[in-house]
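> fold the stuff below for me.
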Amino acid sequence: MNQPPVILIADDNPANLEILGTRLAASGYRILTAADGEQALAAARQHAPDLLLLDVMMPRLDGLEVCRRLKADPARPFLPVILVTARGDPQDVVAGLDAGADEYLTKPVDHSALVARVRSMLRIKALHDTVQEQAARLEAQARQLEAWNQQLERRVAEQLAQLERVGRLRRFLSPQLAELVVSAGEERLLESHRREITAVFCDLRGFTAFAETAEPEEVLGLLREYHGAVGEVVFAFGGTLERFVGDGILVFFNDPVPVSDPALRAVRMAVAMRERVQQLLEAWRRRGHALGFGVGIAEGFATLGAVGASWRMDYTAIGTVTNLASRLCDEAAPGQILVSQRVLADVETAVEAEPLGPLVLKGFSRPVPAYNVRALRTEAAQE
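The predicted structure follows:
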């Protein structure tokens with residue numbers, strides 16, 4: 001709606017144009033004029049008036065045809081049309097309204113009636129424009145909402161995928177480390193590669209004999225307590241949990257995320273494990289189960305990466321270092337933490353250890369020097 005409203009008057013009689021234009025201009029409207037049907041059609045398309053006063057009998061293009069063409073154009077905004085004509089027969093009125101006119105006045109026109117009709121049509125025009133604006137606003141909001149929905153769906157899908165990736169990684173990484181790997185987009189770290197690691201193998205002394213005599217439910221309950229307690233310690237020290245195999249647990253450090261002190265972390269974790277498992281051992285002993293806990297720690301290069309099928313992937317370390325950790329664990333008496341010479345070299349200032357002499361280990365052609373870690377020195381224990 002223009003401000004002030006624009007009224008186009010089309011009449012081939014200059015006197016009528018002058019009279020109508022003067023009267024309506026006095027009411028505050030801006031007036032445009034056309035002397036025939038073609039001029040009226042062109043002016044309506046060019047200036048987008050708010051109301052058209054249209055004579056019927058005009059040269060070149062009569063008022064009814066002008067009205068039909070304007071109303072038939074779906075691209076044009078709503079334009080009210082008042083036919084102002086000398087034809088007053090009922091069939092003429094019907095023909096005018098059928099052509100699309102919104103009002104019909106006969107000449108001579110009563111000024112008050114004309115102004116009242118103009119105000120009425122302009123109110124309808126204003127309401128129509130308001131409805132159109134609201135519809136356009138709603139359509140824009142609907143498009144915006146649709147865009148937001150699509151964006152939300154993408155984010156939900158991305159977050160679900162990330163949760164799935166984190167869930168897979170949590171099988172062998174601490175929750176914090178799994179989320180760090182995923183959020184940093186560093187899952188390529190899980191691809192096959194070689195790296196120096198510190199491997200920790202631990203298990204329960206006397207577990208095989210226990211499992212042979214205990215009920216399966218009792219065995220599973222004990223393992224759940226054991227895995228839960230040891231797993232918390234592993235993740236607290238940022239270790240990578242390679243696997244649970246019955247009572248055997250393999251953990252390694254410095255992969256997939258490198259750390260500056262893998263050997264010291266491994267030893268500190270093993271000491272914490274020993275303390276935590278000791279509490280379980282005492283509880284189990286009260287239930288009549290005589291079990292112990294031993295640990296072996298070794299350091300060396302391994303091939304690491306995710307292995308398995310698409311429906312089940314595990315992250316594993318393959319190499320002599322894991323075998324050495326396992327063999328040292330086999331030799332450990334209850335409560336002992338046996339470390340290789342390389343591990344001791346990295347942590348000797350932080351631990352109290354005693355040499356056990358070269359051990360003959362299965363699968364190793366030469367005796368292997370081993371050391372028993374009795375305790376952490378005070379500074380290392382407080383870190």
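> would you map the strands across this protein?
Using DSSP state E, the strands of the chain run over 6-10, 30-34, 51-54, 81-85, 103-106, 193-205, 240-245, 248-253, 292-309, 312-318, 337-340, 351-359, 368-376.
> what's the closest of those strands to Ala161?
Ala161 lies closest, by C-beta to C-beta, to one member of those: strand 312-318, at 15.2 Å. In this view, the C-beta of every residue, glycine as well, is placed from N, C-alpha and C.
> what about Gly28, distance to Asn2?
The spacing between Gly28 and Asn2, counted by C-beta to C-beta, to the nearest Å, is 12 Å.
> okay, those two: which has more neighbours?
The residue with more neighbours, out of Gly28 and Asn2, is Asn2; 14 against 8, by other C-beta atoms under 10 Å.
> could you count how many residues lie near the residue nearest to that one when sequence neighbours are not counted?
Nearest non-adjacent residue to Asn2, counting by C-beta to C-beta, 6 or more residues apart in numbering: Asp50, 5.6 Å away. Asp50 is flanked by 25 other residues according to other C-beta under 10 Å.
> looking at it, Asp50 is touching Val6, isn't it?
Yes - counting by C-beta atoms under 8 Å, Val6 is a contact partner of Asp50 at 5.3 Å.
> quick one: the helices in the chain, in order.
14-26, 37-47, 63-72, 90-98, 111-169, 175-183, 207-213, 216-236, 262-286, 320-331, 341-347, 378-382 (DSSP state H).
> which of those sits most buried?
Of all those, helix 320-331 has the most neighbours on average by mean count of other C-beta atoms under 10 Å, namely a mean of 22.
> export that helix as CSV, just CAs?
Taking C-alpha atoms only, helix 320-331 is exported to CSV below (Å, rounded to 0.1, in the frame of the first residue of the first chain):
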residue,chain,number,x,y,z
THR,A,320,58.2,-59.2,21.5
VAL,A,321,57.5,-56.4,24.1
THR,A,322,54.0,-57.8,24.8
ASN,A,323,55.4,-61.3,25.0
LEU,A,324,58.1,-60.2,27.4
ALA,A,325,55.6,-58.4,29.7
SER,A,326,53.5,-61.6,29.7
ARG,A,327,56.4,-63.9,30.6
LEU,A,328,57.6,-61.5,33.4
CYS,A,329,54.0,-61.6,34.7
ASP,A,330,54.2,-65.4,34.7
GLU,A,331,57.3,-65.3,36.8
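> what angle separates it from strand 248-253?
130 degrees (axes from the mean of the first three to the mean of the last three C-alpha atoms, to 10 degrees).
> name the residues that touch helix 320-331?
197, 199-203, 242, 248, 250, 252, 294-302, 338-340, 359, 361-364, 368, 370 (C-beta atoms under 8 Å, 6 or more residues apart in numbering).
> quick one, it and strand 368-376 angle?
Using the same axes, to 10 degrees: helix 320-331 against strand 368-376 is 70 degrees.
> next one: helix 320-331 to chain centre, how far?
44 Å (C-alpha atoms, centre = their mean, to the nearest Å).
> against Ala44, how distant is the nearest residue to Leu51 once chain neighbours are set aside?
The spatially closest residue to Leu51, leaving aside those adjacent along the chain, is Ile7, at 4.7 Å (C-beta to C-beta, 6+ apart). Going from Ile7 to Ala44 by C-beta to C-beta gives 11 Å.
> output the below-cut-off pLDDT ranges for the stretch 251-383 of the chain.
The stretch 251-383 of the chain contains residues with pLDDT under 70 at 309-313, 379-383.
> same question, the stretch 1-150 of the chain
Checking the stretch 1-150 of the chain against pLDDT under 70 turns up nothing.
> one step back: filter the contacts of helix 320-331 to the buried ones?
Buried residues within the contacts of helix 320-331, counting neighbours by 16 or more other C-beta atoms under 10 Å: 197, 199-203, 242, 250, 252, 294-300, 302, 338-340, 361, 368, 370.
> and the end-to-end length of stretch 200-211?
23 Å (C-alpha to C-alpha, to the nearest Å).
> now stretch 354-369
Note: stretch 354-369 ends 11 Å apart using C-alpha to C-alpha.
> show residues contacting that stretch.
Taking C-beta under 8 Å, 6+ apart as the rule, stretch 354-369 contacts 323-324, 327-328, 330-331, 338, 340-341, 370-372, 374.
> give me that answer again for 10 Å
Contacts to stretch 354-369, defined as C-beta atoms under 10 Å, 6 or more residues apart in numbering, come from residues 296, 298, 320, 323-324, 326-328, 330-333, 336, 338-342, 344, 370-374.
> please enumerate the shared neighbours of Asp50 and Val6.
Tyr29, Arg30.
> my read: Val219 touches Gly246, true?
Yes - taking contacts as C-beta atoms under 10 Å, Val219 lies within contact range of Gly246: 9.1 Å.
> need the overlap of contacts for the two.
Phe207, Ala211.
> closest to the centroid, which residue in this structure?
Note on the chain: the residue nearest the mean C-alpha position is Arg155, at 2.3 Å, using C-alpha atoms, centre = their mean.
> could you report the pLDDT at that residue?
On the pLDDT scale, Arg155 is placed at 91.
> next: the one 3 residues further on.
Looking at Glu158, its pLDDT is 85.
> distance of it relative to Glu164?
Taking C-beta to C-beta, one finds Glu158 at 11 Å from Glu164.
> over to Pro216?
32 Å.
> for the helices of the chain, which one sits closest to Gly308?
Taking the helices of the chain one by one with C-beta to C-beta, helix 111-169 is closest: 10.6 Å.
> off-centre distance for the closest one?
That offset, for helix 111-169, works out to 24 Å (C-alpha atoms, centre = their mean).
> lovely, talk soon.
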